[in-house]
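**Q** I'd like to go over a predicted model; first the sequence, then the structure.
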Amino acid sequence: MSSTSQKVLKLLKEAGGEYVSGEKIAQQLGVTRCSVWKAVLQLKKEGNMIYSVTNKGYSLSFSPDLIDADSIKANLPREFAGVDIKIIDKTGSTNAVLRAMADEGAPSGTVVIAREQTAGRGRQGKSFESERDCGIYMSLLIRPALEAADVSFVTTLAGVAFCKAIAASTALKPAIKWTNDIVVGGKKIGGILTELTMNMEAGVPAYCVVGIGVNTVTPPGGYDASIRNIAGSIEELSGGAPEPNALAAALIEHFYSAYFGSAAVKFGQSDAVEWQRGYIVDEARDLSAVIGQEVEVVTVKESFRGTAIDISDAGSLIVSSDGEYREFRFGEVHIIL
């Protein structure tokens, strides 16, 4: 960032969202209006959201405070001192990076965050838009002694934890669109991808990687046309962008607090957890965006239409149709309007 760009950004931040004319900025900095215009273009390229209005000037609506491990840790309680946060500038997938680290013996509590993902993934291999500095793109490692069947409950637990973290950090009250979408007013602002790796020799799970992507601000060019009607950001829906380090800390704290439950927060190669299953499932029911809705559940084998009536104690979705009750552990839900 050039010296002029830094000074322009400082003035716009000090204006608190009010418009400042290019002429006034040029006078204060002792530069030409053309230099101000070039500085604004550069700032926009670096992720700053600046509005330009004729006869009014420039207004700053968002400036990316870069993700920083020390800043995140400063926002975490003392018992989370064992969290090891790795910041990556750009990667294909934080889940893939963390799986490789887990294979090399990284302990639970290892967290990978990227400023940009080029191959972010969602459920069933779908892509997740991860433009630079427009969201929190994070993966968290856990090493619980669990059965493979418990993986769906980990996703339920994560959904509850992440919704609570966002609610605590913003003015929004997000809901869970089973199983792993975080929505506000019908707009998806986040998604969860839980991946289990098995220890094939022992026949037990070796570790889980829980990925979370949260849209904090709308990309400068907007969302791709294919998802424009269903995607949203915290900034768009709440009127303000969250401080990314504080939000990242809240996501980490709420997830690991829910994960360890009443057990002590202690990271290692085999986690002792005491899940509050009843509490988590009750919270998932309260946060559900699908219970009571007419839905279509699509799995790799079939599709089933009915009314979503409950979430089971294992985190499965229960759907009723003409007296038939079906329980789904995995699948994609479409709400029928």
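**A** Perfect, thanks for sending it. Numbers count the residues shown, from 1 in each chain.

**Q** got the contact list for the nearest residue to residue 289 once chain neighbours are set aside?
**A** In this structure, residue 289 finds its nearest non-sequential neighbour in residue 175, 3.9 Å apart by Cβ to Cβ, 6 or more residues apart in numbering. Where C-beta positions appear, they are placed from N, C-alpha and C, glycine not excepted. By Cβ atoms under 8 Å, 6 or more residues apart in numbering, the contact list for residue 175 reads 163, 182, 183, 184, 287, 288, 289.

**Q** quick one, helices of the stretch 1-150 of the chain?
**A** With helices called from DSSP state H, counting those that start in this stretch, the stretch 1-150 of the chain shows them at 3-14, 22-29, 33-45, 69-74, 94-103.

**Q** okay if I get those helices as CSV plus distance to residue 329?
**A** Below are the helices of the stretch 1-150 of the chain laid out as CSV (distance: least, Cβ to Cβ, whole Å):
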stretch, distance to residue 329
helix 3-14, 48
helix 22-29, 57
helix 33-45, 45
helix 69-74, 33
helix 94-103, 20
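
**Q** mean pLDDT for the ones you listed: which is lowest?
**A** Among the helices of the stretch 1-150 of the chain, helix 3-14 has the lowest mean pLDDT, at a mean of 84.

**Q** report the distance from it to the chain centre.
**A** Centroid separation for helix 3-14 versus its chain: 29 Å, with Cα atoms, centre = their mean, to the nearest Å.

**Q** now do that helix against helix 22-29, angle only.
**A** 110 degrees (axes from the mean of the first three to the mean of the last three Cα atoms, to 10 degrees).

**Q** specify the local secondary structure of the residue nearest to residue 75 when sequence neighbours are not counted.
**A** Of all residues not flanking residue 75 in the chain, residue 249 sits nearest, at 3.4 Å (Cβ to Cβ, 6+ apart). Three-state assignment for residue 249 (DSSP: H, G, I helix; E, B strand; the rest coil): helix.

**Q** and for residue 327?
**A** Per three-state DSSP, the local secondary structure of residue 327 is strand.

**Q** what sits against it?
**A** Contacts for residue 327 (Cβ under 8 Å, 6+ apart) come out as 312, 316, 317, 318, 319.

**Q** if we go to 6 Å?
**A** Residue 327 is in contact with 316, 318, counting by Cβ atoms under 6 Å, 6 or more residues apart in numbering.

**Q** do residue 215 as well
**A** So residue 215 contacts 135, 189, 233 (Cβ under 6 Å, 6+ apart).

**Q** how about residue 103?
**A** Shown in contact with residue 103 (Cβ under 6 Å, 6+ apart): no residues.

**Q** same check, this time on the one 5 residues further on
**A** Residue 108 makes contact with 141, 142, 143, 267, 271, according to Cβ under 6 Å, 6+ apart.

**Q** at 10 Å what do you get?
**A** Going by Cβ atoms under 10 Å, 6 or more residues apart in numbering, residue 108 touches 82-84, 102, 140-144, 207-208, 256, 259-260, 266-271, 273.

**Q** what sits closest to it if chain neighbours are left out?
**A** Nearest residue to residue 108 in three dimensions, chain neighbours excluded: residue 143, at 4.3 Å (Cβ to Cβ, 6+ apart).
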